[in-house]
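Trainee: Kindly generate the corresponding structure for this input.
(chains A and B)
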Amino acid sequence: MSLDKDTVARIARLARLKVPEDELGTLAGELSGIFAWIEQLNEVDTRNVEPLSSVSDVTLPLRADKVTDGGIAAKVLANAPGGAVYIDPSDKNAGGFFTVPKVVE
Amino acid sequence: MASLTDLTITQLGAALAKKETSAVEVADAHLAKLDEHRALNAFITETPEKARAMAAASDARRAKGEAGLLEGIPLAIKDLFCTEGVQTTAASHILEGFVPQYESTVTTNLWKSGAVMVGKTNLDEFAMGSSNMTSHFGGVENPWKRRGDNRKLVPGGSSGGSAAAVAAYMVPGSTGTDTGGSIRQPASFCGIVGLKPTYGRCSRWGVVAFASSLDQPGPFARTVEDTALLLQAMAGHDPKDSTSAPLALPDFVAAARNPDIKGLRVGIPREYRVDGTSPEIEALWTRGMEMLKAAGAVSVEVSLPHTKYALPAYYIVAPAECSSNLARYDGVRFGLRVPGKDLAEMYQNTRGAGFGKEVRRRIMIGTYVLSAGYYDAYYKKAQQIRSLIARDFNQAFEKCDVLLTPTAPTAAFAAGEKMDDPVTMYLNDMFTIPASMAGLPGISVPAGLDKDGLPLGLQLIGRAFDEETMLRAAAALEKAAAFASRPAGY
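Mentor: Have a look, this model is predicted:
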């Protein structure tokens, strides 16, 4: 299994990673090496084997639909990149907005 | 009395209980060691003021007769655990400056037990690495050196800072996380004990996610008993993590204090004898089994036929989960942002600049194996192999109670060695990854030194949720190996 530069550029685009043009060749070589090594999995017959997606054989629990937290608007908004904007600055727990840079074009 | 920083957690607890010292004195003694050994680069953030305040509060609680399990014990926390009001970076540029407004469940449990935080330790970026060389904040130096050779060695990874801090006597214990060996391999490289609990034993809530079906927090310390003590405080069911096991905690400390292994069946998996393992490690493994036999255990040869496929399967599962988990770092909601001419370019610039080389590589592997048309060939195939690996362990545990293997194929290596190709580096985790894929508990116990004077660990793997048997065997191995070496100058 060998990946060419175009495929690597396509994966980088899908992953939203900027990869400089001059690194594409090296990366293609490294990824091809890794996938060539991964190829050995094809030696294993996995017909009729169930995939294991989680080792915790716990049934996902349900919880009561109750409010268990709250009154921490200032904390929730503290890391907002555009700053915290409160509906009523004198009462921070009245709620507010987590502001981010414009993402709708 | 010996120097406070030479004491184990158990010894410090006893000295504190007898009022021979105070939590403030203990914190100050360890903070002085952080100063002394800052050149190791084991910490990303030191929190001396917080440590002194927590220690003073601990002394006040003790005066009122309210001492917890870890009352007054200074600990270092891997910088992957969110700590309220203290920068949490995952050793990545993309999270640099991020100050969480909440505390992870594991650290909350530790503080509730009375422990004191001295700082946040360095790691491979997003816990992806086996050498600590991928940290945005520079590599960590292992306090151990080869005899007659002054080259700096790596502490292993990803929890390298946490392991180095304990090995250098800066703290008596620390937390790590283990996805494919990130606690056990650095413990082996640094000559200390590192325990990866059963998946689900410790809550992952508030731990920066790498590969969610594999990530598991666990402790480092200098003795088996101390790791048991830390695990006792860290573990427990947490409704905030849906994969957290709703099980009562056994008495881990009692298990670690009981090295009686008469009749215990110790499995030796024949597939762990592989080319590329150092002959010294092979010999140590044999010696480890002899020690356990001398203590009354019975040796059983077992087979784990899919062992060699665990590593390549891991390098599908872990990157796939990482590419999904790390999608949240988009430059919009928090963390680094690098502008671009439109939204797509802003995402690409931010992620290209914010993630280091190894993280970008793994995101790309994950993105590729999950992309349209490849899911069945890669991700599903890897999960099927994961089933077979888990089945191998189940069958082996019908014949034995615990498995004994080497922890890593080599001792610590120098910074820059093994960097030529990613697969060579990945091979470091060949003995730890199979248990990770099956969610089983594992512990690395320092068992000897190699010809260069570097520590080597042996790994014990237990049944799911049977850390007790594993701890008993680890205590017996620790007692017989009587590892008492410490790195020169520490």
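
Trainee: Which secondary structure state does B:Ile461 sit in?
Mentor: When classified by DSSP: H, G, I helix; E, B strand; the rest coil, B:Ile461 comes out as strand.

Trainee: dump the residue contacts of it.
Mentor: Contacts for B:Ile461 (CB atoms under 8 Å, 6 or more residues apart in numbering or on different chains) come out as B:393, B:402-403, B:405, B:435, B:440-442, B:470. The way it works is simple: take the backbone N, C-alpha and C, and place the C-beta from them, glycine included.

Trainee: Out of those, which sit inside helices?
Mentor: Counting by DSSP state H, the part of the contacts of B:Ile461 found in helices is B:393, B:435, B:470.

Trainee: Looks like the last one contacts B:Val445 (just checking).
Mentor: No - using CB atoms under 8 Å, B:Met470 is not in contact with B:Val445; the gap is 10.2 Å.

Trainee: shared neighbours of those two, anything?
Mentor: With contacts defined as CB under 8 Å, 6+ apart, the residues shared by B:Met470 and B:Val445 are B:Leu460.

Trainee: Now do the end-to-end distance for stretch B:115-124.
Mentor: Its start and end residues considered, stretch B:115-124 measures 25 Å (CA to CA, to the nearest Å).

Trainee: hang on, the earlier thing: which of the contacts of B:Ile461 tops the neighbour count?
Mentor: Counting neighbours by other CB atoms under 10 Å in any protein chain shown, B:Gly442 leads the contacts of B:Ile461 with 30 neighbours.

Trainee: is stretch B:317-327 anywhere near chain A?
Mentor: Yes - Stretch B:317-327 is in contact with chain A by CB under 8 Å from any CB of the partner chain, via B:Ser323.

Trainee: and that stretch, how far from the chain's centre?
Mentor: The chain centroid and the centroid of stretch B:317-327 are separated by 20 Å under CA atoms, centre = their mean, to the nearest Å.

Trainee: mind listing what's buried in it?
Mentor: The neighbour-count check on stretch B:317-327 (16 or more other CB atoms under 10 Å in any protein chain shown) flags B:317-326 as buried.

Trainee: what's the average pLDDT for it?
Mentor: For stretch B:317-327, the mean per-residue pLDDT is 97.

Trainee: which residues of the chain score low on pLDDT?
Mentor: I went with chain A, as the question did not name one. Within chain A, the segments meeting pLDDT under 70 span A:1, A:58.

Trainee: I was after chain B.
Mentor: Chain B contains residues with pLDDT under 70 at B:1, B:419-420.

Trainee: let's see 80
Mentor: Counting by pLDDT under 80, chain B has low-confidence residues at B:1-2, B:276, B:416, B:418-421, B:424.

Trainee: Which residues are in contact with B:Leu16?
Mentor: B:22-23, B:26, B:62, B:67, B:71-72.

Trainee: Repeat the analysis, applying 7 Å as the threshold.
Mentor: By CB atoms under 7 Å, 6 or more residues apart in numbering or on different chains, the contact list for B:Leu16 reads B:23, B:26, B:62, B:71-72.

Trainee: Just confirm it is within a helix.
Mentor: Yes - judged by three-state DSSP, B:Leu16 forms part of a helix.

Trainee: ok, it to B:Arg62 distance?
Mentor: From B:Leu16 over to B:Arg62 the distance is 7 Å, taken as CB to CB, to the nearest Å.

Trainee: Check the gap between the most centrally placed residue in chain B and B:Leu80 for me.
Mentor: Nearest to the mean C-alpha position of chain B, by CA atoms, centre = their mean, lies B:Ile183 at 1.9 Å. To B:Leu80, B:Ile183 is 12 Å away according to CB to CB.

Trainee: for B:Thr105, same thing?
Mentor: 13 Å.

Trainee: All the helices of chain A, in order from the start?
Mentor: Using DSSP H, helices in chain A cover A:5-14, A:24-38, A:73-77.

Trainee: Would you reformat those helices as JSON lines and include mean neighbour count and distance to chain B?
Mentor: Putting the helices of chain A into JSON lines (neighbours: other CB atoms under 10 Å in any protein chain shown; distance: least, CB to the nearest CB, whole Å) gives the following:
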{"stretch": "helix A:5-14", "mean neighbour count": "17", "distance to chain B": "5"}
{"stretch": "helix A:24-38", "mean neighbour count": "18", "distance to chain B": "5"}
{"stretch": "helix A:73-77", "mean neighbour count": "16", "distance to chain B": "4"}
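
Trainee: Now these in CSV, please, with extra columns for distance to B:Ala235.
Mentor: As requested, the helices of chain A are exported to CSV (distance: least, CB to CB, whole Å):
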stretch, distance to B:Ala235
helix A:5-14, 38
helix A:24-38, 34
helix A:73-77, 27
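
Trainee: for those, which one sits closest to B:Arg362?
Mentor: Proximity to B:Arg362 (CB to CB) singles out helix A:24-38 among those, at 9.7 Å.

Trainee: so what does that closest one touch, helix or strand wise?
Mentor: Secondary-structure packing of helix A:24-38 (3 or more CB pairs under 7 Å, 6 or more residues apart in numbering or on different chains; DSSP states H and E): helix A:5-14, helix B:307-325, helix B:357-370, helix B:422-426.
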